[in-house]
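Q: model this:
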Amino acid sequence: MQEPLFLKPVFQEKIWGGSRLKTVFGFDIPNDKIGEDWAISAHPHGVSIVENGEFKGQKLNDLWDTHKELFGHPEGPVFPLLTKILDAEDELSVQVHPDDEYGLKHEGELGKTECWYIIDAEPGAEIIYGHHAKTREELAEMIHEGRWDDLLRRVPVKKGDFFYVPSGTIHAIGKGILILETQQSSDTTYRVYDYDRKDDQGNTRELHIQQSIDVTTVPASVPEVQMKEVRQGASSIITYLETEFFNVYEWQVAGKLQVKKQAPYTLMTVISGEGQLVVDGKEYPLTKGASCIFPSDIKEWTLFGDLDIIASEPGKNA
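A: Below you'll find the model as predicted:
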């Protein structure tokens, strides 16, 4: 039987987190400061567990190590992707991530290129996306002098926006934004600025000023996303990105949508609506927040209902 691997969410408490993973997605979260649902993850800081089928109860990282056939016999040592839903009840720190070379050398893990689909945003919400420094010396000067208004590029956002955030991009998710993030499997974050806030114990969070200056792309490069849409009746498949790390899609299901495999395996998370997934004649109910992986032996699948899904697959170098 060809079966998708449905995965149990892993919740991460954050100083900036809130309760919308419960109120919007219906998750049973442990408190009202949950900032992240690691929906599909084999990272050691939050590993997904399979909820159904032959591999029920098994960890995704173990499947990657012991059942390579599920993923098309990849060569990489780690499952390369990580899907999250983020609830920014407050501002995230201003931060930047290293590329693979720097991350592996200094942190012992992959770098972090990511992208964001804006599930929802309060009126007036904005992100920090890039910077205005022309040279690395100017970047260092502006950081050390705390000239944040001069340095940081602010962009208003709304529901349905999509942003590509390559490693080296200074960025921050703003208050009142709900995001589906697709990223490399890395948890390395260099904080540039954290608004001088303190945690419950009165401590400020660690900053990583020199690392941030080292890895930031200067001058800033803000890539444009070239969207492509293919219609199937009232439904559609939107391609947002095709990169060396991941390809990212939106599946808009209005009645029915058929999808054919394009990569060794595919990830998906339902961000709104409900419906059914049919694989090899078997039906699986889909509700908001559900996440699964289509292993390599699944060649096609059909979606029914009124659904909005963000899907991804490994890029050519993942």
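Q: for Arg136, grab phi and psi.
A: Here is the backbone geometry of Arg136 (degrees, to the nearest 10): phi -70, psi -30.
Q: burial of Pro98, as a residue count?
A: Residues lying near Pro98 (other CB atoms under 10 Å) number 27. Every C-beta, even on glycine, is put in place using the N, C-alpha and C of the backbone.
Q: identify the residues contacting it.
A: Pro98 sits next to 106-107, 111-112, 167-168, 188, 190, 211, 215 when contact means CB atoms under 8 Å, 6 or more residues apart in numbering.
Q: ok, now Glu145?
A: Under the criterion of CB under 8 Å, 6+ apart, Glu145 has no neighbours.
Q: now it: phi and psi?
A: Dihedral angles (degrees, to the nearest 10) for Glu145: phi -90, psi 0.
Q: can you show me the strands along the stretch 101-250 of the chain?
A: With DSSP state E, counting those that start in this stretch as the criterion, the stretch 101-250 of the chain has strands at 114-121, 126-131, 152-156, 162-165, 171-172, 177-184, 190-193, 228-232, 235-242, 246-260.
Q: nearest to Gly72, out of those?
A: strand 246-260 (14.6 Å; CB to CB).
Q: which residues touch the closest residue to Ile128 other than its chain neighbours?
A: Counting by CB to CB, 6 or more residues apart in numbering, Ala172 is the residue found nearest to Ile128 once chain neighbours are left out, at 4.0 Å. Shown in contact with Ala172 (CB under 8 Å, 6+ apart): 91-95, 127-128, 152.
Q: buried ones among the residues you listed?
A: 91-95, 127-128, 152 (16 or more other CB atoms under 10 Å).
Q: the spatially most central residue of the chain pairs with what?
A: With distances taken as CA atoms, centre = their mean, Glu181 lies nearest the centre of the chain, 2.1 Å away. Beta-bridge partners for Glu181, by DSSP bridges, are Lys84, Trp116.
Q: from memory it sits against Cys115, does it?
A: Yes: using CB atoms under 8 Å, Glu181 makes contact with Cys115 at a distance of 7.1 Å.
Q: from Gly168, how far out is the residue of the chain most remote from its centre?
A: In the chain, the greatest distance from the average C-alpha position (CA atoms, centre = their mean) is reached by Glu145, at 31.9 Å. Distance, Glu145 to Gly168, by CB to CB, to the nearest Å: 22 Å.
Q: give me the pLDDT value at the closest residue to Glu69 other than its chain neighbours.
A: Closest residue to Glu69 apart from its sequence neighbours, by CB to CB, 6+ apart: Ser296 at 6.8 Å. Note on Ser296: pLDDT of 97.
Q: can you pull the contacts of Ser296?
A: Counting by CB under 8 Å, 6+ apart, Ser296 touches 69-72, 261, 264-265.
Q: from Glu109, how far off is it?
A: For Ser296, the distance to Glu109 - CB to CB - is 25 Å.
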